[in-house]
Each structure stands twice: as C-alpha cells, then as structure tokens.
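Visitor: Fold the following, please.
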Amino acid sequence: MSFLDWLFGARPCCGNDEQLAAAVERVIEGTDPRLKAVGNVRQRLSPAVAEVLHFTRELVGRLPPGIEMSAENWRREPLLRAFFVRPDEISDALSRSQDLRDFLGSPAASGLGEIHCAFAATRVERKALGPAMENGVLRQDVARTTVSFTDFRLVGFSATEEALRRQIEEIVLEELVLVALRKITERKAQGADLIAYQQLLKARLRFMEQSGAGLDAALASEQRPARDLQQLRHELAKNEAELNAIQAASIGLGATIEATISALQGAEAIIRPEQITLHLNAMNIIVGESDEDASTIRLMEVSTINPDRPRRVAFLARFPRQSVVTKRADFDALLRSI
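Guide: You can find the predicted model right below:
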C-alpha cells in the first residue's frame, strides 16, 4: 500500500474539515512523524494541504472519460491509433506491463472483470522533410512534424473510473510530498559539500599563515602574500555565511515544515499541467485542423519530480481482464536449451 493509499483509503476526497484534518495528519506522518511534537504544525500545514486538494481535484476533473483499450476500439478511436501502429500492439503493451502483472497477482484484483488505470507515455516530436500538397502542388521537401509515444507506463489500477480519479489525486499529492523531501535532502547534500570545501580553505589558510603564500608567492614577480591571505579569508567568510544560511534552512523540524509547505504551494509550478490537442493524420504527422485526413486527440501533459525526465502525457483507460495475456514458460524450449 502506498503512502497516499493509506492517506485517503477508500473514502472520497470531499474537502470537509474532518477530511482535511485527516489528510494533514497523514502528511505529517509521511513527511516526518517527529512533526507531531511541533505545537502549531497542523495550523501551518492546513492551508497548503487544502490548496493542493483543490488543485488535484480540478486537475483530475479536466481529464476526459476513460478509453476502452481493445483491438476493436482501435479502429474507432484516433488516440489509440496515434499510440499504437497495429491493434494487436494494445494487448502486447498491457501484457508487458510489470506493474499490471503485479496488480493482477494481488488481492486487490480479485474478482475484477474490468480494470481502470491511467496510461502514461513520453511524447516525442521529430522534424523531417516529406511529400505534401501546397497550393495544389505536390512537393517532396516540405518540413513536417511527426509524433510518437514511447516509454509506456500503467498506474492507478482501480475497479471503477471514479476510484481511478481518486487514485490520481493521491498520486499528485504524493509527488509533492516527495518534492519536499527531495529539497531537504538536496540542502543537506549542499551543506556537506560546503563543509568539505570549508575544511580545504581552512587548511590552506593555516599553511599560508605559517609559511607565507607558498610556492606561488615565491615564484611571483611581485609581493602578494598579504593580498592572497586577504582573498582567502574573504572566501572563507563567504563559505561560512552560505553554510550558516543552508544549515538554518535545512536543520530542524521547522525547516521540514517550510519545505513541505513550499512544495505544496508550488503544486502548479511543479506538476505544470497542460491540456494539449494534436491534429494528426494516419502517419502521425501534425496537420491542420481543417485537413481532411486529420484526427484530433486530447491529452493531459505533466512534469514529474525528476527534472531530467521529459514531460509525460496521460489518458484514462479501461480494459477487460482477459485482454491481458499471461505468458507461460515454454518447458519444451527450456529443455532443448539445457
């Protein structure tokens, strides 16, 4: 069970005082249980948690209804044709998902005939030259943009779409809690680097005070020891000031509270949700909306906690359990390989 599964359980996110209080308590537990000892922590966290709950419900509410993932629906649904070249690739994608296989092997999947989830991918755009009609003339060197989708991932497995939308709200909040913890870790790492650099500066200052400015000064064409010592002391003072500022911002429970509030209040800047509309032809080339060969797909695109990862697109999906092919071991092939 994830932290946010535990956070909200099976209850709908309703935003009343009781629900908000429970959410704040669980956020405290998930961030640092020692925060319970801080007298006013709940009052400080409550406004930020309430804002996030409103943000996530609004975000999830903008997602279109779930799409049936099946070979039959591939022929009717432009979004599926944009993601999968052939209809049989849908079943392959479902069957290859380790997350889905783990879910199907869990008690939560017992008795489910239909599964709802969020289908996420990375959108890749490439520029290329190709044939196209321009002003009634066929040209071979027209710049076109093709779209493809890679790195599929299925998340939020649920029995109904309503439950799935609640799961996505939980996932978004969990992402923000992780951002807060990451900020705290980065500050501590930065402080450790400054401490190591400070030790080097102090060692160099000690040597220079004992023997002048060292070999550099002995070989210099002018007398520089005093100026070098002054610059080194200035750099050491700057290092100490930076270290004191970081330690003040990263040590203690107050720093944890502030980092958590900052992450929660920056939800929109961190997740950066954007609804995108693509007009694609049969070759997944971006065309104009009025193009006779155009099909329109709409997706939600968001960023993640890892700034090195590309933004991800997602849509809600549903599929019958039997569409997931369980691959069994080929014992005959195994024996032949021995």
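
Visitor: what about residue 289, how many residues close to it?
Guide: Counted with other C-beta atoms under 10 Å, residues neighbouring residue 289 total 8. To be clear about C-beta, it is placed using only N, CA and C from the backbone, and glycine gets the same treatment.

Visitor: How much space separates residue 104 from residue 238?
Guide: Separation of residue 104 from residue 238 (C-beta to C-beta, to the nearest Å): 57 Å.

Visitor: More neighbours: the two, which one.
Guide: Using other C-beta under 10 Å, the more surrounded residue of residue 104 and residue 238 is residue 104, with 17 against 11.

Visitor: does the more buried one really touch residue 323, like I thought?
Guide: No - using C-beta atoms under 8 Å, residue 104 is not in contact with residue 323; the gap is 11.5 Å.

Visitor: Can you give me the end-to-end span of stretch 72-80?
Guide: Stretch 72-80 has an end-to-end distance of 11 Å (criterion: C-alpha to C-alpha, to the nearest Å).

Visitor: Report the buried residues of it.
Guide: By neighbour count on 16 or more other C-beta atoms under 10 Å, the buried set for stretch 72-80 is 74, 77-80.

Visitor: Can you lay out these as CSV showing distance to residue 123, secondary structure and pLDDT?
Guide: Formatted as CSV, the buried residues of stretch 72-80 follow (distance: C-beta to C-beta, whole Å; DSSP: H, G, I helix; E, B strand; the rest coil; pLDDT from 0 to 100):
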residue, distance to residue 123, secondary structure, pLDDT
74, 19, helix, 95
77, 18, coil, 96
78, 15, helix, 95
79, 12, helix, 96
80, 15, helix, 96
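
Visitor: Residue 27: which of these is nearest?
Guide: residue 79 (34.8 Å; C-beta to C-beta).

Visitor: Regarding residue 56, what is its secondary structure?
Guide: The three-state assignment at residue 56 reads helix, by DSSP: H, G, I helix; E, B strand; the rest coil.

Visitor: residues in contact with it?
Guide: 13, 168-169, 172-173, 267 (C-beta atoms under 8 Å, 6 or more residues apart in numbering).

Visitor: Residue 77 contacts residue 67, correct?
Guide: Yes - counting by C-beta under 8 Å, residue 77 sits close enough to residue 67 to count as a contact (5.9 Å).
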